[in-house]
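Asker: Just to be clear, the model below is a prediction. Sequence and coordinates:
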Amino acid sequence: HFSLCLSCLREIGVCGRVLGRDSEMGVLGCWAVGLVALVITGVVSGFYLPGISTTSYTQDSPIDVFADRLESTHDSLPFNYYNLPFCEPEVEKKRTNMPNLGEILMGERDELTAMKAYMLVDRTCSIQCTKTLNAKQLKALREKIQEDYYVHLNVDNMALVMRGTSGEASYPVLGMPIGRFQDGDAVLYNHYNLLVKIHKSEFSATDLNIKNRKDEEIFNIVGFEGSPESRDYGDASEKEVIKQCKNRAGKPVVVSSNPAGQKITFTYDVAFEESDVKWATRWDNLLEADPELRHVQWLVILNSIAITLFLTALVAVVLFRTIYLDFARYNNIDDSAEAQEETGWKQVHGDVFRPPLAAGILCVLCGHGAQLVIIVVFTLGFAVLGFFSPAWRGGLLSGLMLFWVLTTSVAGFVTARMYVGFRGEYTRLVYLGSLFVFPGIVFGIFFLINMTLWFSGSTAKVNFFTLLFLTGLWFAISIPLSFIGSFLGSRWAEYKYPTKTNTVHRPIPEGASTNSALFVLAAGLLPFACVLIELRFILYALWQDKLFYMFGFLLVVFIILAISCAEVSIVITYFFLSNEDYNWWWRAYFSTASAGLYVFIYSMFFHLLRPEMRGLHIGSSIMYIGYMFLISLTFSMLAGFIGFESAFLFVSKMFSSVKID
């Protein structure tokens, strides 16, 4: 900050000489800008992305060990670390890190544990505490062990991992299990082996964050690994506990069902290991995928590309060739009698741009779809650039919320623009629909899920103040932006269709719409097939506590999805127009929006048939179904808008290129 202030003062003088010259106002203006810059330098330190700003340690510096949640692959509900009777730190009040919005919605809370660590100080068989657990606490432990809950620890925002193996290769597994079931007994892991990997920093005496510590070596934490063990110390004294722990003596701790309770001692080891991994790349090891999954990920891309190439060949070879012949035939017709006998899509030129039924609803859905496309593009763009790294926990969800709030003007603009083109009568009602329909559905389902989480005691529940904050964001930012977008859309130059709409409806030939609903639903299978395998990766990341980091792959799949949606919608629209059925608006939309239905159906099969599911968990099932319904609805509106917009551009181009009498 000192150097920034000096730079500001120096630039003020330069500004006065260059801009001010002999003008007193120029000098005053430069000083005003400079003072604002000085104020800003004091605010800069108030924001940084966790995991992006380094934390330096010297010999014997204390290292806090945090636990952010308990999570299971068998139950989707996360719980607080201290929902179970673990040891608490020897302080009057447990210290927690302030979570961001994404962490709150994901149920992550950093709680300080009783495990103490000091830089470069190895600790062997340190005792956290000895507790006598009552019957209720023992029952809670048995239930969470049976449901295969893991504890997630972190130091310096570095998540703890265990090393899993796949053949000769190893890969990281987030968290450590709190226990295991063995011969029908619940075995508790009461001893943790912690390994902190460190890297000697290149900066030493010049580090301004460390005062009065000149000439000391500075270290950064670049890895955190662990493994659990079960050691029953019984009623041994503290010295006996340490002796048994060092000798690795004792049987596993079997969680008792004795109403009188059970005495359990919790211990841990801490070791330090120097690593060549630099702080800037410390998350790379955690992002190593299972080698088999890497192979499958490439198959995702190849599968999607194959489907897209098939659709492209269909559109290019069949559709465009047919349209070219149609143009040649229609533009060479001179005889009026011959023109009357002609059939095909040209015959519906007077009805093809007739507003559809429920035009306002279609406009609202397309408006929200356009907003979602912008959100996905921005989110994937920032994620590919590394802004939403897993090092910033909750960052991706926070970014999604921010983009959603700031892009409501897009929904209002597209809705108003379309509805003005349809010359609808219920303008205000449609504008309000662009503001309330999708957010209302999201809030209603979110409120139902949140009530379920409150009754279950999960940390994923959102408290009243967070709900109030989200509501304030919506009223203070989203509503004004939506009205601005609607105003601009309604005042935009009216779209001129290539053909005029007849006053009298043209009759649709019999049989032209046979099995149209089934045909449209089946068309959604192609966009769904493009994302099927990638969807499985995403579901595992969301509900199996896996890190999803392959945003580059996801961006490629999204581009392929957009191309597929455009081509499917064009083919479906051309098919119906060729049969002289001009009711193409809703079919163009649902031909790709129906893919969201298959996403929801697949997610239900994923939930019910995955081998990790044991029994029926009401709370987690409600949360899973609710959130997957919202995800499927979002996917449906996004794909529907892409398909509809592509079909609209196609129809407009097609009818503007043919000679209409």
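Answerer: Okay, I see it.
Asker: Residue 113: helix or strand, and which one exactly?
Answerer: strand 111-118 (DSSP states H and E).
Asker: Report the buried residues of that strand.
Answerer: 111, 112, 113, 114, 115, 116, 117 (16 or more other C-beta atoms under 10 Å). Heads up, the C-betas are built off the backbone N, CA and C, glycines and all.
Asker: for that strand, the distance to its chain's centre please.
Answerer: Remark: strand 111-118 is offset 30 Å from the chain centroid, using C-alpha atoms, centre = their mean, to the nearest Å.
Asker: Report all helices and strands that the very next helix or strand once past that strand contacts.
Answerer: Heading C-terminal from strand 111-118, the first helix or strand you meet, by DSSP H and E, is strand 123-133. Contact analysis of strand 123-133 by 3 or more C-beta pairs under 8 Å, 6 or more residues apart in numbering; DSSP states H and E lists strand 111-118, helix 238-246, strand 262-274 as its packing neighbours.
Asker: quick one, phi/psi of the closest residue in space to residue 182 that isn't next to it in sequence?
Answerer: In this structure, residue 182 finds its nearest non-sequential neighbour in residue 252, 7.2 Å apart by C-beta to C-beta, 6 or more residues apart in numbering. Backbone torsions of residue 252, given as degrees, to the nearest 10, read phi -60, psi 150.
Asker: Over to the one 5 residues further on?
Answerer: As for residue 257, its main-chain torsions (degrees, to the nearest 10) stand at phi -110, psi 20.
Asker: any idea which of the buried residues of strand 111-118 is the one closest to residue 263?
Answerer: Residue 263 lies nearest to residue 114 out of the buried residues of strand 111-118, by C-beta to C-beta, at 16.7 Å.
Asker: Remind me which helix or strand the closest residue to the closest one other than its chain neighbours belongs to.
Answerer: In space, residue 114 comes closest to residue 87 once its chain neighbours are excluded; the distance is 3.9 Å by C-beta to C-beta, 6+ apart. If you go by DSSP H and E, residue 87 is not part of any helix or strand.
Asker: how close does the residue nearest to residue 182 get to residue 228?
Answerer: Going from residue 252 to residue 228 by C-beta to C-beta, to the nearest Å gives 11 Å.
Asker: pLDDT below threshold where in the stretch 251-400 of the chain?
Answerer: 286-297, 300, 317-321, 323-344 (pLDDT under 70).
Asker: nope, the stretch 501-650 of the chain is what I meant
Answerer: 511-514, 545-549, 610-616.
Asker: ranges for the helices of it?
Answerer: 516-523, 525-543, 551-578, 585-593, 595-609, 618-656 (DSSP state H, counting those that start in this stretch).
Asker: Adding mean neighbour count and distance to residue 126 as columns, could you present those in TSV?
Answerer: Output for the helices of the stretch 501-650 of the chain, formatted as TSV (neighbours: other C-beta atoms under 10 Å; distance: least, C-beta to C-beta, whole Å):
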stretch	mean neighbour count	distance to residue 126
helix 516-523	16	62
helix 525-543	20	35
helix 551-578	22	40
helix 585-593	27	58
helix 595-609	17	41
helix 618-656	21	35
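Asker: Is the closest residue to residue 81 other than its chain neighbours in a helix, a strand, or coil?
Answerer: Ranked by C-beta to C-beta, 6+ apart and with sequence neighbours excluded, the top spatial neighbour of residue 81 is residue 67, at 3.8 Å. Put simply, residue 67 is strand when judged by DSSP: H, G, I helix; E, B strand; the rest coil.
Asker: Can you name the residues that contact residue 67?
Answerer: Contact analysis of residue 67 by C-beta atoms under 8 Å, 6 or more residues apart in numbering lists 81, 86, 110, 111, 113, 151, 152, 153, 154.
Asker: What score does the third one have for pLDDT?
Answerer: Reading off the confidence values, residue 110 has pLDDT 85.
Asker: The first one too?
Answerer: According to the model's per-residue confidence, residue 81 sits at a pLDDT of 91.
Asker: tell me the contacts of it?
Answerer: 67, 68, 69, 70, 109, 111, 113, 151.
Asker: any idea how far the first one lies from residue 160?
Answerer: Right, residue 67. 9 Å.
Asker: what does the fourth one give?
Answerer: Separation of residue 70 from residue 160 (C-beta to C-beta): 13 Å.
Asker: between those two, what contacts are shared?
Answerer: With C-beta under 8 Å, 6+ apart, residue 70 and residue 160 have common neighbours residue 152.
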